[in-house]
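A.B. asks: I would like the atomic coordinates for the input below:
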Amino acid sequence: YISNIRETSKDANTVMDGAMGTITKDAICPTCLNTYADCPGHFGYIKLALPIYNILFLNIILKILKCTCAHCGRLLPTIDEHTITSISPKNRLNYLVLITHSSNPCKYCNGLQPKFTMYKKDYISINMQSREIVAGENGRETTRFSSEIKRLSALDVWRFLVKIPDEQCMYYGLSPEYSR
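C.D. replies: I've put the predicted structure just below:
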């Protein structure tokens, strides 16, 4: 009986799915068969077509992006493994932010690092400003930030973060098993 209700409902597999609990006073919950007053509500999840930002983690994401090569996904600062593992996992990311010099190219791929910032006015987003090589004084090459600022979607950020090698996740205070 319950499965017939779910399969024929126009709201099946949506936020309004009755299996998560009844939302009208005259309905019976198909999961627990209780009324509106007695149904406690039920947990569920929605598979989204694209990733979205969890606003609670935006500051952490921004810190990780600032410490990670945008090209190869490796950790930017040179660290001693003994030093980083002696720091509490909760404090490792803040330590990495302090010692990261994003103006330097990546030591692994020699890629120039963009600047990541958070925009919090009309909407919330993570923005990226690329770095470009220009001819400087006396014929020496220097770098500067481009005038174009790109707003990164959650999918763009996910593509950066997925490049981080599993063995380096612990340096950020993250578990490769649970942070993916």
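A.B. asks: got the phi/psi numbers for the nearest residue to K115 once chain neighbours are set aside?
C.D. replies: Of all residues not flanking K115 in the chain, Q129 sits nearest, at 4.5 Å (CB to CB, 6 or more residues apart in numbering). Every C-beta, even on glycine, is put in place using the N, C-alpha and C of the backbone. In terms of degrees, to the nearest 10, the main-chain angles of Q129 are phi -120, psi 120.
A.B. asks: okay, now Q129: neighbour count?
C.D. replies: 14 (other CB atoms under 10 Å).
A.B. asks: tell me the spacing between it and R140.
C.D. replies: 22 Å (CB to CB, to the nearest Å).
A.B. asks: in stretch 155-174, what counts as buried?
C.D. replies: Within stretch 155-174, the residues scored as buried using 16 or more other CB atoms under 10 Å are 157, 160-161, 164, 168-174.
A.B. asks: dump the residue contacts of the closest residue to T78 other than its chain neighbours.
C.D. replies: Excluding the flanking residues, the one nearest T78 by CB to CB, 6+ apart is K107, at 6.7 Å. Counting by CB atoms under 8 Å, 6 or more residues apart in numbering, K107 makes contact with 74, 76, 78.
A.B. asks: so the second one touches Y108, yeah?
C.D. replies: Spelled out, that is L76. No - look at L76 against Y108 with CB atoms under 8 Å: they stay out of range, at 9.2 Å.
A.B. asks: which residues are in contact with each of the two?
C.D. replies: Joint contacts of L76 and Y108 (CB under 8 Å, 6+ apart) are C69.
A.B. asks: who's more crowded, those two?
C.D. replies: L76 (21 against 13).
A.B. asks: that older thread, state the distance from the residue nearest to K115 to D38.
C.D. replies: 55 Å.
A.B. asks: just N104 next, same as before
C.D. replies: Taken as CB to CB, the span from N104 to D38 is 62 Å.
A.B. asks: over to T100?
C.D. replies: Counting by CB to CB, the gap from T100 to D38 is 54 Å.
A.B. asks: so which of these two has more stuff around it?
C.D. replies: When T100 and D38 are compared for neighbours, T100 comes out ahead with 18 against 11, by other CB under 10 Å.
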